[in-house]
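**Student:** need coordinates for the following:
(one chain, ligands or ions: 1)
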Amino acid sequence: MLTAPAPSAKRGRFITLEGGEGAGKSTQLRRLADSLRVSLRARDVELVTTREPGGSPGAEEIRGLLVTGETGRWSATTEALLHTAARRDHLERTVWPALETGSWVLCDRFFDSTMAYQGYGLGLGRDLVETLQTAALGGFRPDLTLILDIDVETGLRRAVARHGGEDRYERMDIGFHQRLRDGFLDIARQEPERCAVVDADADLDTVQARIWDTVAGRLGLAQGQTS
Ligand code: T5A
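**Tutor:** Below is the predicted model:
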């Protein structure tokens, strides 16, 4: 599907989770998906979970170029272009077809990560990133974006303890991580109707409950389904 489905009552909802390293997005995405599936089953609506960079075969190949190797492997502009190319493929092949059939889509990272990481963190600035996103997305935006906020040191401690091989961004300097945290908070301030900041500095169940309350409140779902 080469264009975004037009807004309609039938079109599914698109929810994105964002945050810096070790904020707990992936863990909370699984928990939120379980709660959403219970809630959506009553409406006979499917939930698709996906991630960026990745989420389609081509985008997963591009992911490998982005999350491994030397920290200075790409210039900020090249990196933003690679993320944006992966995003376009992910939208065309996974997200837009699912939304078109009425499924809801829950996505681990989306274009706010390009703004925060490349725009703020690597210093590319808002204007270029916005131009790239407009070219790739048109006017398509998430219905709701949850920004998991945590102080940089705690997040990095969690990320390092978990450790896998995809650690190119984790290895960037502390100033980079502080700029991207500030960037996410700035994005939330600029778009309060789309974005909700969730304090992620708490135990897993507490963060899960905060997320569910936000999603249920903003999207009009039944309360009390946190597991
Ligand atoms: N990127 C991505 C860009 O630069 N630009 C872009 O446009 C995009 C889309 C890959 C990288 O690409 C960059 C950002 C990334 O560096 P990724 O796959 O989402 O993106 O990589 P990570 O951010 O590293 O995501 P992870 O899924 O690996 O980390 P999460 O989701 O932040 O954290 P999670 O859930 O894996 O948790 C980390 C550890 O902490 C524990 C977990 O058990 C786990 O061990 N934990 C907690 N511990 C205590 N209390 C809590 N509340 C906890 N929550 C989680």
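**Student:** which residue of this structure lies farthest from its centroid?
**Tutor:** A42 (26.1 Å; C-alpha atoms, centre = their mean).
**Student:** quick check: that one vs the ligand, distance?
**Tutor:** Using C-beta to the nearest ligand atom, to the nearest Å, we find A42 at a distance of 28 Å from the ligand. Yep, even glycine has a C-beta here, placed from its N, CA and C like the rest.
**Student:** immediately after the helix or strand bottoming out on mean pLDDT in the chain, which helix or strand?
**Tutor:** Lowest by mean pLDDT, DSSP states H and E among the helices and strands of the chain is helix 152-162, with a mean of 90. On the C-terminal side of helix 152-162, the closest following helix or strand by DSSP states H and E is helix 174-190.
**Student:** would you mind writing the CA trace of that following helix as PDB?
**Tutor:** Extracted in PDB, the C-alpha atoms of helix 174-190 (Å, rounded to 0.1, in the frame of the first residue of the first chain):
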ATOM      1  CA  ILE A 174      26.500  11.000  27.800                       C
ATOM      2  CA  GLY A 175      25.900  14.500  26.300                       C
ATOM      3  CA  PHE A 176      24.300  12.800  23.300                       C
ATOM      4  CA  HIS A 177      21.900  10.900  25.600                       C
ATOM      5  CA  GLN A 178      21.000  14.100  27.600                       C
ATOM      6  CA  ARG A 179      20.300  16.000  24.300                       C
ATOM      7  CA  LEU A 180      18.000  13.200  23.100                       C
ATOM      8  CA  ARG A 181      16.100  13.100  26.400                       C
ATOM      9  CA  ASP A 182      15.600  16.900  26.300                       C
ATOM     10  CA  GLY A 183      14.600  16.400  22.600                       C
ATOM     11  CA  PHE A 184      11.800  14.000  23.500                       C
ATOM     12  CA  LEU A 185      10.500  16.300  26.200                       C
ATOM     13  CA  ASP A 186      10.600  19.200  23.700                       C
ATOM     14  CA  ILE A 187       8.600  17.200  21.200                       C
ATOM     15  CA  ALA A 188       6.000  16.400  23.800                       C
ATOM     16  CA  ARG A 189       5.700  20.100  24.800                       C
ATOM     17  CA  GLN A 190       5.200  21.000  21.100                       C
END
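**Student:** what's in contact with whichever helix or strand comes after that helix?
**Tutor:** Once the chain leaves helix 174-190, the next helix or strand it forms, by DSSP H and E, is strand 195-199. Contacts with strand 195-199, where a contact means C-beta atoms under 8 Å, 6 or more residues apart in numbering, come from 112, 144-150, 184-185, 187-188, 207, 210-211, 214, 218.
**Student:** the helix or strand that comes right after strand 195-199 near the ligand at all?
**Tutor:** For strand 195-199, the following helix or strand on the C-terminal side (DSSP H and E) is helix 204-219. Yes - taking C-beta under 6 Å from any ligand atom as the criterion, helix 204-219 and the ligand are in contact, through 204, 207.
**Student:** tell me which strands and helices helix 204-219 is in contact with?
**Tutor:** Here helix 204-219 touches helix 25-41, strand 144-149, strand 195-199, going by 3 or more C-beta pairs under 8 Å, 6 or more residues apart in numbering; DSSP states H and E.
**Student:** got the angle for the first one vs strand 195-199?
**Tutor:** Which is helix 25-41. 120 degrees (axes from the mean of the first three to the mean of the last three C-alpha atoms, to 10 degrees).
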